[in-house]
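Undergrad: Sequence and predicted structure are below.
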Amino acid sequence: MDSLAQAVLAGADADVLEREPVPDRYTAAHLRVEDVGVFDGVEDKDVRRTLRVGDVPMPELAPDEVLVAVMASSVNYNAVWSATFEPLPTFDFLRRYGRQGGWAARHDQPYHVLGSDAAGVIVRTGSGVRRWRVGDHVVLSAVEVDDQEPATHSDGMLGADQRAWGYETNFGGLAHYAVARASQLLPKAAHLTWEEAASTTQCAGTSYRMLVGEHGARMKQGDIVLIWGATGGLGAFAVQLVKNGGGIPVGVVSSEAKADLLRRLGCDVVINRSEIGVGGNSDPSPAESIEMGKRLGRIIRREVGEDPHIAFDNNGRATFATSVFLVRRGGTVVTCGSSTGYQHHYDNRYLWMNLKRIIGCHAANLQEHSECNRLVQTGRLMPALSEVHPLDRIGEASRRVQQNLHTGKIGVLCLAPEPGLGVTDPATRARIGEERLSPLRPPALAAR
């Protein structure tokens, strides 16, 4: 381990960190351009074949950027897309970005360092960084924006040059070091461990935008919200946000074990998808989708007396037609992804004749992330962490996400040598309680 990383782990102050040299190379989970095409004609695109862990060159820092010593990160589904080179290779993003020239040219490399979440310590700041200092403990938003683009000042997600960090850019968070713009930084919640903090940015912020923010469904008190995959990374935060906002979460999960976890999370209505005929079929016919919606609607009306106001759907093709059918007249379907397929087929009559809306959301702008991070800092939004893996096991961790064998968020230790480190406000942690901070972790692991 290099001397700068050793200083970070020793808790050195800013003066010491600034004196330690930045290494020429660092360890990172990355893809190689020569692997593009390895899955051509292969049915099982096993991400363990393409996710590598090894040394890559340290990039130069731009004036508006920071170098973060990453203590922990987490797995997002975009790591699966990246490692399977679908819907297209991420090296296409890097080449397109690099054509801008200047600092952007650094991103066009024959390797791609992945990762859209990170928690760590700032070890260098660019000459143009004003609000952050070496030694600050931070979490990172996954959204890189161009602050010289007019649309960014209305909503960062509307800018044409907005990019998903660690997916559409290089030098992401699944590594010992990460390069990010200062406009991606937020203060780490002091009562959380590194791995807990690293699990609360991307998915929590996206769920916040989808449900609470002015650009999403704008949930209000008493709203009934159908949440597909309610123990997934997005869904677990959605359940909490609905409960916090006075809504009624209705969670759908794929097994009884996940149903038990969802009850522990406090979900009002828990439905095992086997009850409504959602199995392994990722492309149901229109008739099957409607029939599934009727069965699901009967269960929801039996439990809460009404149809949902909002459907929270990131599954895509397998459930989208059912969501459109099921929400009440004037209801909203809000979506941020399509893990079961991008081509959605639904009966448009149920949309236009019943005055329903479909809202697309993608990540969250910095203000939305900040508001969501405040909920985390004040103990009103709990981590959705379920398990933790070391960086050198990123292939296995991502494979679990690829096969939907996980719940919540899978944490990844980068520089942190073990779980449980990084808490600088133990009093707040004690007040909240370990059990509340670990709603998706088995009790034996949560107590560690």
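TA: Right, received. Where do you want to start?
Undergrad: Okay, strands next: where are they in the stretch 151-300 of the chain?
TA: 163-164, 177-181, 185-187, 224-228, 248-253, 269-272 (DSSP state E, counting those that start in this stretch).
Undergrad: and the longest helix along the chain, which residues are buried?
TA: Scanning the chain for the helix with the most residues, using DSSP state H, yields helix 286-304. Buried residues in helix 286-304, defined by neighbour count with 16 or more other Cβ atoms under 10 Å: S289, I290, E291, M292, G293, R295, L296, G297, I300. Backbone N, C-alpha and C define where each C-beta goes, glycine included.
Undergrad: distance of the second one from R431?
TA: Remark: distance between I290 and R431 (Cβ to Cβ, to the nearest Å) = 48 Å.
Undergrad: With the third one instead?
TA: With the distance defined as Cβ to Cβ, E291 ends up 48 Å from R431.
Undergrad: ok, now the fourth one?
TA: For M292, the distance to R431 equals 43 Å [Cβ to Cβ].
Undergrad: Does N373 touch L140 like I think?
TA: No - under the criterion of Cβ atoms under 8 Å, N373 makes no contact with L140, lying 10.9 Å away.
Undergrad: intersection of neighbour lists for the two?
TA: Here N373 and L140 have L186, T201 as joint contacts, going by Cβ atoms under 8 Å, 6 or more residues apart in numbering.
Undergrad: between those two, who's got more neighbours?
TA: Legend: neighbour count by other Cβ atoms under 10 Å for N373 and L140, higher for L140 (31 against 24).
Undergrad: pretty sure the more buried one contacts L174?
TA: No - when contacts are counted by Cβ under 8 Å, L140 is not listed as touching L174 (11.8 Å).
Undergrad: three-state assignment of E435?
TA: helix (DSSP: H, G, I helix; E, B strand; the rest coil).
Undergrad: what does the model give it for pLDDT?
TA: What the model reports as pLDDT for E435 is 90.
Undergrad: now do S254
TA: For S254, pLDDT reads 86.
Undergrad: So what's the residue count around it?
TA: When neighbours are counted by other Cβ under 10 Å, S254 registers 20.
Undergrad: Need the nearest residue in space to it, chain neighbours excluded.
TA: Using Cβ to Cβ, 6 or more residues apart in numbering and skipping residues adjacent in sequence, the residue nearest S254 is R273, 5.6 Å away.
Undergrad: Pretty sure that neighbour sits against G251.
TA: No - with contact defined as Cβ under 8 Å, R273 does not reach G251; the gap is 10.3 Å.
Undergrad: more crowded one of those two?
TA: Using other Cβ under 10 Å as the criterion, R273 and G251 rank with G251 on top: 29 against 20.
Undergrad: Now tell me what touches stretch 357-375 from outside.
TA: Residues contacting stretch 357-375 (Cβ under 8 Å, 6+ apart): 139, 141-143, 145, 155-157, 164, 183-184, 186-187, 189, 200-202, 204-206, 208-210, 212-213, 215-217, 244, 324, 331-336, 351, 381.
Undergrad: looking at the strands of the stretch 151-300 of the chain, which is buried most?
TA: strand 224-228 (a mean of 29; mean count of other Cβ atoms under 10 Å).
Undergrad: re earlier: okay if I get the buried residues of helix 286-304 as JSON lines plus pLDDT?
TA: Converted to JSON lines, those look like this (pLDDT from 0 to 100):
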{"residue": "S289", "pLDDT": "91"}
{"residue": "I290", "pLDDT": "93"}
{"residue": "E291", "pLDDT": "92"}
{"residue": "M292", "pLDDT": "92"}
{"residue": "G293", "pLDDT": "93"}
{"residue": "R295", "pLDDT": "94"}
{"residue": "L296", "pLDDT": "95"}
{"residue": "G297", "pLDDT": "95"}
{"residue": "I300", "pLDDT": "97"}
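Undergrad: Redo the residues you listed as a markdown table? Include distance to R95.
TA: Output for those, formatted as a markdown table (distance: Cβ to Cβ, whole Å):
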| residue | distance to R95 |
| --- | --- |
| S289 | 38 |
| I290 | 43 |
| E291 | 45 |
| M292 | 42 |
| G293 | 42 |
| R295 | 47 |
| L296 | 44 |
| G297 | 47 |
| I300 | 47 |
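Undergrad: now, among those residues, which is nearest to V179?
TA: Comparing those against V179 with Cβ to Cβ places S289 closest, at 43.7 Å.
Undergrad: Next up, the contacts around the closest residue to that closest one other than its chain neighbours.
TA: The shortest distance from S289 to any non-neighbouring residue, by Cβ to Cβ, 6+ apart, is to A321 (3.6 Å). Going by Cβ under 8 Å, 6+ apart, A321 touches P284, P286, S289, I290, G293, H344, H345, Y346, D347.
Undergrad: neighbours around the residue nearest to G422 when sequence neighbours are not counted, how many?
TA: Once flanking residues are discounted, G422 sits nearest to W194: 3.8 Å by Cβ to Cβ, 6+ apart. W194 has 30 neighbours, counted by other Cβ under 10 Å.
Undergrad: State the three-state secondary structure for S370.
TA: Once three-state DSSP is applied, S370 turns out helix.
Undergrad: Can you read off the pLDDT for it?
TA: The model's pLDDT for S370 equals 97.
Undergrad: Tell me, how many residues neighbour it?
TA: A total of 14 residues lie near S370 under the criterion other Cβ under 10 Å.
Undergrad: What separation do you get for it and A204?
TA: From S370 to A204 the distance is 12 Å (Cβ to Cβ).
Undergrad: angle of the longest helix of the chain against strand 224-228?
TA: With axes from the mean of the first three to the mean of the last three Cα atoms, to 10 degrees applied, the angle from helix 286-304 to strand 224-228 works out at 130 degrees.
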